[in-house]
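Trainee: Give the three-dimensional model of this entry:
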Amino acid sequence: MRQVREIEDFTDDRLKTWCIHCGDAIADVESNRDHVPTKSLLTKALRERGANYDSGLGYEMDYLPQVTVCRRCNSSFSPDENYLLCVLHAVVAGSLYPDPTKYPEAAAILRSNRHVVRSLKNRPDGQLLLFDDLQPFTLFPDPDKVRRVIVKNARGHAYHEIGEPLLETPEQVAFVPLERLSREQHDAFEAAGTVSELAVWPEVGSRMTVHLLDEEAMVGGWITVEPGRYRYSIDWSGSVTVKTVIWEYLATETRWDR
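Mentor: Below you'll find the model as predicted:
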């Protein structure tokens, strides 16, 4: 497992022509930098260190992965990212109304997003008013909202690490609490491969190529953005498969067939 650090991207400039989400030509639209993973999933301390690094201060290991996308797409993900953040905080705290003395961050986030709390309570299969004390605490979040954030981050990881703009709809998007995986499923999910002579190498000049040449990476090896908060892996030796673990709670897998 390796930590994120900034490496200049030398992939073919023609691969950087489009927004990886909508396919619009970057030169024709207003664009900005998008953090992958979603910055709000990281701690405030790391976000601040990342901002300092972007300003020319801080350390190499404070770099947070970023890609250029169109501003419209970047903004469109914000509601779903905020929704996922609320779900994660509620799950970790075990309540939609957590004790602020015990879970200050969760309490502040959920208190300032009452509309999300209401939507989670009002889902037909969700934590309805009459069952606030349901044990264990159970939520049934909107899978489409969660899926959009997972795919957004997965596209960004593939683009950032191996230089591949994956404009197509992925063949598979799966997510499940890590604790629900069987031992065999967990071992398979966590496993990383090795680069053999027959392995497909990533795009020449990509960040992953540099890591492979420095023997810092494996196919499907884990990259830690912040311990306990976010890690991801990319396997490009066939289909492109991006796995993530969010808060050591939610395991995700997104796959694009070549």
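
Trainee: in the chain, which spans are helices?
Mentor: Using DSSP state H, the helices found in the chain span residues 44-54, 71-76, 78-93, 104-111, 114-122, 143-162, 183-190, 207-213.

Trainee: Highest mean neighbour count out of the ones you listed?
Mentor: helix 143-162 (a mean of 22; mean count of other Cβ atoms under 10 Å). C-betas here are computed from N, CA, C, even on glycine.

Trainee: outside of that helix, which residues touch it?
Mentor: For helix 143-162, contacts defined as Cβ atoms under 8 Å, 6 or more residues apart in numbering pick out 9, 20-21, 34, 36-38, 65-67, 69, 77, 79-81, 83-84, 87, 164-166, 170, 173, 175, 202-203, 206-208, 223, 232, 234, 236, 240, 242, 244, 252, 254, 256.

Trainee: hang on, the earlier thing: of all the helices of the chain, which one is nearest residue 29?
Mentor: Nearest to residue 29 among those is helix 71-76; the distance by Cβ to Cβ comes to 7.0 Å.

Trainee: And that closest one, what does it pack against?
Mentor: When contacts are defined as 3 or more Cβ pairs under 8 Å, 6 or more residues apart in numbering; DSSP states H and E, helix 71-76 packs onto strand 31-35.

Trainee: which parts of the strand it packs on are buried?
Mentor: For strand 31-35, the neighbour count (16 or more other Cβ atoms under 10 Å) marks 31, 34, 35 as buried.

Trainee: any chance of those residues in JSON lines, plus pLDDT and distance to residue 96?
Mentor: Formatted as JSON lines, the buried residues of strand 31-35 follow (pLDDT from 0 to 100; distance: Cβ to Cβ, whole Å):
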{"residue": "31", "pLDDT": "91", "distance to residue 96": "37"}
{"residue": "34", "pLDDT": "94", "distance to residue 96": "29"}
{"residue": "35", "pLDDT": "95", "distance to residue 96": "27"}
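
Trainee: would a markdown table of those residues with distance to residue 152 be doable?
Mentor: Rendered in a markdown table, the data for those read as follows (distance: Cβ to Cβ, whole Å):
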| residue | distance to residue 152 |
| --- | --- |
| 31 | 15 |
| 34 | 8 |
| 35 | 11 |
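
Trainee: that older thread, could you flag which of the contacts of helix 143-162 are buried?
Mentor: 9, 20-21, 34, 36-38, 65-67, 69, 77, 80-81, 83-84, 87, 164-166, 170, 173, 175, 202-203, 206-208, 223, 232, 234, 236, 240, 242, 244, 252, 254, 256.

Trainee: among the residues you listed, which are in strands?
Mentor: Judged by DSSP state E, these include 34, 66-67, 69, 173, 175, 223, 232, 234, 240, 242, 244, 252, 254, 256 as members of strands.
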